[in-house]
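Engineer: Fold the following for me, if possible:
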Amino acid sequence: MAKSFFNYGVPDFLKPVINKPVGNSVTYTDLMALLAERYLPRVNYLEIGVSVGKNFFQLLNTLGPASMNAFDIEEINPVLAGQLEKGPRSEWDTPASSIKKNKSSLSEFTYKDKKIGYISADVWDRNSWGRMEGKKFNLVFSDALHTPQAILFEFEMLVKYGLLDQKFIIIWDDSRGQNAEIFLPHHQEI
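Structural biologist: Next comes the predicted model:
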């Protein structure tokens, strides 16, 4: 945690309960797994804002054949990385304006015949989005910055680099208030 930028997305009040069982309540992970099973013959998944990796790891173990990809300002959580077989890693310069001060990177892993790509970079870095060019995601979970500007920027990058498959599902976390308003059609009185 000491080396992380945002405590891997775990605020102090959640630390004591992070390892508690989820229970029987339906979670967004359950929803994504159900949608994937029903509508996607093979999942090409992108999670933006992975945090400690709890959701990512659950989907890694739940989904059938899938390509799994992650994008987070943090390096992969060491606990999650310890569950995966490490592959090659490439690095590039992080923009000087970023709060991320170390190099950006793409680390590759495998887990039970699933290929995993983990980008550690600033979500505002267009160059880092370009590293995924050529991939086609059909299930995207946005759980990074939770602001209208960030959500719209993520979508702009998904479109700019052709990262969305012909049929796709996007799920946004914390879509209420201002974040929900960006999804409402804009209209003017005539």
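Engineer: Residue 112 - how many residues pack around it?
Structural biologist: 8 (other C-beta atoms under 10 Å). Quick note: C-beta positions are derived from backbone N, CA and C, even for glycine.
Engineer: quick one: it from residue 70, how far?
Structural biologist: 16 Å (C-beta to C-beta, to the nearest Å).
Engineer: do residue 80 as well
Structural biologist: Taking C-beta to C-beta, one finds residue 80 at 9 Å from residue 70.
Engineer: so where is the protein shaky, pLDDT-wise?
Structural biologist: Scanning the chain for pLDDT under 70 picks out the ranges 1-15, 174-190.
Engineer: just so I have it, where are all the strands in it?
Structural biologist: 43-48, 66-72, 85-92, 104-111, 114-120, 137-142, 164-172 (DSSP state E).
Engineer: picking that back up, shared neighbours, residue 80 and residue 70?
Structural biologist: Residues within reach of residue 80 and of residue 70 at once, by C-beta atoms under 8 Å, 6 or more residues apart in numbering, are 53, 56.
Engineer: what residues are up against the nearest residue to residue 45 once chain neighbours are set aside?
Structural biologist: Computed as C-beta to C-beta, 6 or more residues apart in numbering, the closest residue to residue 45 that is not its neighbour in sequence is residue 139, at 4.8 Å. Counting by C-beta under 8 Å, 6+ apart, residue 139 makes contact with 32, 35, 36, 40, 43, 44, 45, 46, 168, 169.
Engineer: one more time with 6 Å, if that's ok
Structural biologist: With C-beta atoms under 6 Å, 6 or more residues apart in numbering as the criterion, the residues that contact residue 139 are 36, 43, 45, 169.
Engineer: Do a quick rundown of the helices in the chain.
Structural biologist: 28-39, 54-62, 78-81, 126-130, 148-160, 178-181 (DSSP state H).
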